[in-house]
Structures are given as structure tokens and as C-alpha cells.
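*Asks:* Build the 3D model from these lines:
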Amino acid sequence: MLVATGVVDDFLELSPAVRLVAQVLAALLMIFGAGVVLKDLGSMTPGGDVLQLGVLAVPFTVFATLGVINALNMCDGLDGLSGSLALTSLSGLILAAYTWGMPADTALLPILGTGIVAFLMFNLRLLGRERASIFMGDAGSMFLGFALTWYAIALSQGDTRALPPAAALWFLMIPIFDAVSMMLRRILKGRSPFAADREHLHHIFLLAGYSVNETVLVMTGVASCGVFVGLASIYFRVPELVVAGAFLVTGVGYFWMISHAWKVMRFIRTSICRRQGASDRRKGTDTAYAGPERRSGQERRAPLAPSPREDVQADTRSVDAMTPVAASSPVAHPHQTHS
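*Replies:* Next up, the predicted model:
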């Protein structure tokens, strides 16, 4: 259903209401057709008790599904970005499933991951390509967002859960943070939270001078750090309330960074240029610094030897100083005799 809706949307530009209805129907089919529902949020109380959702389970699951689908869709603004983020999240889910149980329920995860890898071979700007050979579109991004939500809920619920719900948040860190931050910024500016703009994280990277491949690489690296934190919290049995609190604090920091994006990007670019300049000077090149090479302490204490050009200029000045009369004589300036 989502794939068909996405294909039609890519060609005919469906209204947001139509896409929303299709996403809600897909979420309801997942809940009532497959029994994949977010019944609890894990041990989120100070006493360690499981926080049950009760009657809120169905609407909360629908809300979470729509959130992840649209969050990943918002990241589909650069070649290879949405697919790379989806593959990173999927890799975390696969590791959690095959390390801490439930491999039978995730048999399709490696197949899905292999398909994403094959897709990225043509969607990334590799081998000198200036543009992607194929594109994901709304059909692909909505399907991947739905699949990630399905397996994240399936692995985080029940008595034999492979990961707590709080850890699953870290697997989807970048899409969640980016979507929530953008909506909050639009609301604070008095705009609709669903209005399109060019203030997403990947847009900021591009405006700061990063290339498409550099932006994809940096954002995928940050997403991988989120997956690592989620896996580490499971391995070291960190209390789920602490894991969720750390995720919230990190989200606040992300929102601050986005709100001060230009200051942060200026600092990053300046640091990179300084490191590049130091590397160029060590290699003996002048690509980042056109001035004279810095000398060591011992060399700075020694007097500078004049260059050959300076010697010639000094000799010329000394000759002129020794013959002041010749400078004003008619012989020194033959052209004056013709005037």
C-alpha cells in the first residue's frame, strides 16, 4: 500500500492528506493484521516497573509509525542519504536481534539490508558519478521507514524482547532528531510544522560548503554513533530510564546546534581549514597558506640572510646614495637634452 502510494505520489504529487491516510491504514494493518503493537515503553519508572500504555497502545503505535516514516522521508534530500541512514539503523537491529535473541522474527532483515546495499551502489555518487543513477523517491523512503518501525517494535516488545524501546530510539537517532527539530523550529517561527523548507541538517551542511558525499558520510557516521550507544546500553545493561534520559538530553543538544547552525558550521570549517593548512605545511606545500614557512625556535634566533633580490636592491640604493649629483645632471638623463 505504501509503495503504491509513494509511486503515485512521485508522479502525481498527492496531497499530504492522502499520504497520511495511506500511512495510517498501513499502521493499522500492522497492528491488527500482524499483531505488532507498542504495548509498553519498557522500564521507564524510577522503581524499574514497566510503563504500560494500555488503551493508548494503538494510537501511540500509529503515531510512532507515522513519525518514523515521515522522518526518514524528510532525510531523502540527497543522493544516498536516506538509504545510508536506513542501512545504519537496520544494521543495529540485525546485531541486536542475532546477539540477544529473536532471530526467527527477523529473518527478512538481512535480505532487506542486502537490497539496500545493492540500491546504494547506484544511488550514491560513486566511481566519479556526478548524480545518482537511480532514485529512492517517496515509495522507497516510506517503505523503509515502515519496515524499520515494524522491526523496532517487534524486537522491543514481549517477554523475549531483544532490546528495550529506549535503545531502539538510538538506532533511529538522526531521522528522529532532524524531524522533531525542524517541526519545533517551524512552530517557533509561526509556520506550519509540515511546511517544506531547506533548513534540514543536510541542507545546512551543503550551504556550509560540504559536498554531497561529505554530508552523507558525516551524517551516516553520527547515526552509527547512535547505533553504537544503543548497542552499548544493551550490552552493559544500562537502566532504560537513563538511556531515555540521555537520548532526550542529546536531542536538546541537537536542537541547540540546529538553532545555532551557522556558528557551529563556521567553527567546524575553520578547524578543518586549520588542520588542512598544518598538513600542507608539513608536506611543504602552499595550498592553504601563501606566506613564508614558519621557522623553528633555533632558526628564529638566527638572523635572516638577505635574499639575492634584496642584495641587488641594497646595492642599487647604495650606488644612488653615493652619486647624488649624477641623478640631476643632463648626462644622467639624456632625454632632458631633447626637451
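*Asks:* Quick one: residues in contact with stretch 24-41.
*Replies:* For stretch 24-41, contacts defined as CB atoms under 8 Å, 6 or more residues apart in numbering pick out 1-2, 50-53, 57-58, 60-62, 64-66, 146, 149-150, 153-154, 156-157, 165-166. Heads up, the C-betas are built off the backbone N, CA and C, glycines and all.
*Asks:* 6 Å instead, please
*Replies:* For stretch 24-41, the external contacting residues (CB atoms under 6 Å, 6 or more residues apart in numbering) are 1-2, 50-53, 57-58, 60-62, 65, 146, 150, 153-154, 157, 165.
*Asks:* Alpha carbons of stretch 257-270, as CSV, please.
*Replies:* What follows is stretch 257-270, C-alpha atoms only, in CSV (Å, rounded to 0.1, in the frame of the first residue of the first chain):
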residue,chain,number,x,y,z
MET,A,257,23.1,23.0,17.4
ILE,A,258,20.5,23.3,14.6
SER,A,259,19.3,26.6,16.1
HIS,A,260,22.9,27.9,16.0
ALA,A,261,23.9,26.0,12.9
TRP,A,262,25.9,28.7,11.2
LYS,A,263,28.1,29.3,14.3
VAL,A,264,28.7,25.6,14.6
MET,A,265,29.5,25.1,10.9
ARG,A,266,31.8,28.1,10.9
PHE,A,267,33.7,26.6,13.8
ILE,A,268,33.9,23.2,12.1
ARG,A,269,35.0,24.6,8.7
THR,A,270,37.7,26.8,10.5
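*Asks:* Can you check the distance spanned by stretch 208-217, start to finish?
*Replies:* Terminal residues of stretch 208-217 are spaced 15 Å apart (CA to CA, to the nearest Å).
*Asks:* Pull the distance from it to the chain's centre.
*Replies:* From the chain centre to the centre of stretch 208-217 is a distance of 9 Å (CA atoms, centre = their mean, to the nearest Å).
*Asks:* Next, count neighbours for residue 187.
*Replies:* 11 (other CB atoms under 10 Å).
*Asks:* I'd say it and residue 195 touch.
*Replies:* No - applying CB atoms under 6 Å, one finds residue 187 not in contact with residue 195, separated by 10.3 Å.
*Asks:* what about burial for the contacts of stretch 24-41, which qualify?
*Replies:* Neighbour counting with 16 or more other CB atoms under 10 Å marks 2, 57-58, 60-62, 65, 146, 150, 153-154, 157, 165 as buried within the contacts of stretch 24-41.
*Asks:* need these in JSON lines with pLDDT and secondary structure, can you?
*Replies:* Listed next are the buried ones among the contacts of stretch 24-41 as JSON lines, based on pLDDT from 0 to 100; DSSP: H, G, I helix; E, B strand; the rest coil:
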{"residue": "2", "pLDDT": "86", "secondary structure": "helix"}
{"residue": "57", "pLDDT": "97", "secondary structure": "helix"}
{"residue": "58", "pLDDT": "97", "secondary structure": "helix"}
{"residue": "60", "pLDDT": "97", "secondary structure": "helix"}
{"residue": "61", "pLDDT": "98", "secondary structure": "helix"}
{"residue": "62", "pLDDT": "98", "secondary structure": "helix"}
{"residue": "65", "pLDDT": "98", "secondary structure": "helix"}
{"residue": "146", "pLDDT": "97", "secondary structure": "helix"}
{"residue": "150", "pLDDT": "96", "secondary structure": "helix"}
{"residue": "153", "pLDDT": "96", "secondary structure": "helix"}
{"residue": "154", "pLDDT": "93", "secondary structure": "helix"}
{"residue": "157", "pLDDT": "92", "secondary structure": "coil"}
{"residue": "165", "pLDDT": "96", "secondary structure": "helix"}
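*Asks:* how about these, which pair is most distant?
*Replies:* 2 and 165 (22.9 Å; CB to CB).
*Asks:* which stretches of the stretch 101-250 of the chain form strands?
*Replies:* Using DSSP state E, counting those that start in this stretch, no strands are assigned anywhere in the stretch 101-250 of the chain.
*Asks:* low pLDDT regions in it?
*Replies:* Applying pLDDT under 70 to the stretch 101-250 of the chain flags the ranges 103-105.
*Asks:* if we go to 80?
*Replies:* 101-106, 196 (pLDDT under 80).
*Asks:* all helices in it, in order from the N-terminus.
*Replies:* Using DSSP state H, counting those that start in this stretch, the helices of the stretch 101-250 of the chain run over residues 109-123, 137-155, 165-171, 173-188, 201-207, 212-235, 240-259.
*Asks:* Switch those helices over to CSV; also include distance to residue 91.
*Replies:* CSV is the format used below for the helices of the stretch 101-250 of the chain (distance: least, CB to CB, whole Å):
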stretch, distance to residue 91
helix 109-123, 7
helix 137-155, 11
helix 165-171, 9
helix 173-188, 13
helix 201-207, 20
helix 212-235, 7
helix 240-259, 19
